[in-house]
Structures are given as structure tokens and as C-alpha cells.
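> Fold the following, please.
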Amino acid sequence: MVPETNLLSSELADVIRKLDISNLNADDTLQLANSSEECCAGLCHGLHFLGKTFVSFADSNVLEFSPESLCQLGHGLLASALLIPALIQIQKSAERQIINTDTGEA
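The predicted structure follows:
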């Protein structure tokens, strides 16, 4: 059973939420939003590939991994779990800044 948790929250995302990006110009803010979205998509594609690979391994009876491989995988998954919500937060902050600039509120 998977515990109830907010999958789009992490300590890193909480810290990023507090960052002030109002000093960025419009081009930098747009670049930040676009880069965050692209990085998030890249991480999701990588995780999707990893999941399909594990299913393929299971179907082929490849059931053993070295401790080093498992450690590397664990670190990669933990980093992804922290980065995805943080990147989403960066993208949201940048998009809010763009909207505020367009409406003259910045």
C-alpha cells in the first residue's frame, strides 16, 4: 500500500518557492520556465524508460543486480523525486512572473 503523500512537494521545492525571481528580465524568466519544463519532461522520460527496462528484465528473468547498481539507482531515483517537484515549482514561479509582468503588476 502506498502511503498518502503530496507527490508534488519536496523540501527542495519548498525552498525554491521562497526564491525571489522578480529581478529577472522577461527573457531570463521565459528561459527559466522553458528550461524547467524541459528538464522535468526529460526526467519523466528517463523514469519511464527505467520502468520499461525493469519490466523487460523481469520478463527475461534478469533478477539480480549488484549492490553498486542498486545504490546508483537509488541515488538517481531519490534525486529525481526531489528535482521533479522543484522543477515544477520553478516553472510555476517563472510563469507567474511572466503573467505579472504582462499585466503590469511586477
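> in what helix or strand does the spatially most central residue of the chain lie?
Taking CA atoms, centre = their mean, the centroid of the chain lies closest to Ile84, which sits 1.4 Å from it. In this assignment (DSSP states H and E), Ile84 forms part of helix 67-102.
> And that helix, what's buried?
If you call a residue buried by 16 or more other CB atoms under 10 Å, then helix 67-102 has these buried ones: 83-95, 97-98, 101. For every residue, glycine as well, the C-beta is placed using N, CA and C.
> Who are the packing partners of it?
Secondary structure elements in contact with helix 67-102, counted by 3 or more CB pairs under 8 Å, 6 or more residues apart in numbering; DSSP states H and E, are helix 11-17, helix 26-59.
> of the ones you listed, which approaches Ser66 most closely?
Ser66 sits nearest to helix 26-59 of all those, at 13.6 Å, using CB to CB.
> one step back: how far off helix 26-59 does the helix holding Ile84 point, in degrees?
Using axes from the mean of the first three to the mean of the last three CA atoms, to 10 degrees, the inter-axis angle of helix 67-102 relative to helix 26-59 is 150 degrees.
> centre of the chain versus helix 67-102, how much separation?
2 Å (CA atoms, centre = their mean, to the nearest Å).
> Contacts made by stretch 28-48 with the rest, please.
Here stretch 28-48 makes contact (CB atoms under 8 Å, 6 or more residues apart in numbering) with 21, 24, 77, 80, 83-84, 87-88, 90-91, 94-95, 97-98, 101.
> now do stretch 13-25
Here stretch 13-25 makes contact (CB under 8 Å, 6+ apart) with 29, 32, 82, 85-86, 88-90, 93-94, 97, 106.
> And the furthest pair within those residues?
Leu82 and Ala106 (29.0 Å).
> buried set for the worst-scoring helix or strand of the chain on mean pLDDT?
Least confident helix or strand, the chain: helix 11-17 with a mean of 81, by mean pLDDT, DSSP states H and E. By neighbour count on 16+ other CB under 10 Å, the buried set for helix 11-17 is 12-13, 16.
> Okay then, goodbye and thanks.
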